[in-house]
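Asker: Mind looking at a prediction? Sequence and model below.
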Amino acid sequence: MENYKNISENSNNAQANFNKEEAYLRAKKKFDKLKGFYWHLAAYIVVNIFLIVMVTTHLDEGESFWQFETFATPIFWGIGLAFHAMGVFGPDLLFGKNWEKRKIDDYMNKDKRHWE
C-alpha cells in the first residue's frame, strides 16, 4: 500500500510540474506577443514623427500641412497597428470578461425588482 501511495504522490507531483510548465509557456507566449506589440507601437511613433517632420520641412511655399500625403503613412500603418492590437489583446480589448460580468450583474439587478 505504501508503494502505491508513493507512486500516486510522484504522479501528482509530475502532473503539477507539467501544469506549471504549461502555464509558464502560455504566459511567456502572451508576454512575447505583448512585447512585440509595444515594439511595433514604439517604431510607429518614432518613424511617423520623423516622417511628418521631414514632410513639413520640405513643403513648398503655399502648400498646406493638412493634406493626405502628410498623413498617408501614419493612417495606413495605424490600421495595421490596430489589427496587431486586436491580435494581441483579442476581443477583450473592447468587450472583456469584466465588461460582460458587469453587464450581466446590471441586468440581473434590474430584473431583481420583478422577483420580489
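Answerer: Received it, and whenever you're ready, just let me know what you need.
Asker: where does the chain dip in pLDDT?
Answerer: Filtered on pLDDT under 70, the chain yields the residue ranges 1-9, 91, 93, 113-116.
Asker: Helices of that one, residue ranges please.
Answerer: With DSSP state H, the ranges of helices along the chain come out as 2-57, 68-89, 92-95, 97-115.
Asker: Could I get the buried residue list for stretch 85-100?
Answerer: By neighbour count with 16 or more other CB atoms under 10 Å, stretch 85-100 contains the buried residues Val88. All C-beta atoms are positioned from the backbone trio N, CA, C, and that covers glycine.
Asker: List of residues touching it?
Answerer: Lys33, Leu34, Gly36, Phe37 (CB atoms under 8 Å, 6 or more residues apart in numbering).
Asker: Give me the buried subset of these.
Answerer: Among the contacts of stretch 85-100, those that count as buried by neighbour count (16+ other CB under 10 Å) are Phe37.
Asker: which one of the contacts of stretch 85-100 is nearest Trp77?
Answerer: Distances from Trp77 to those, taken as CB to CB, are shortest for Phe37 (13.7 Å).
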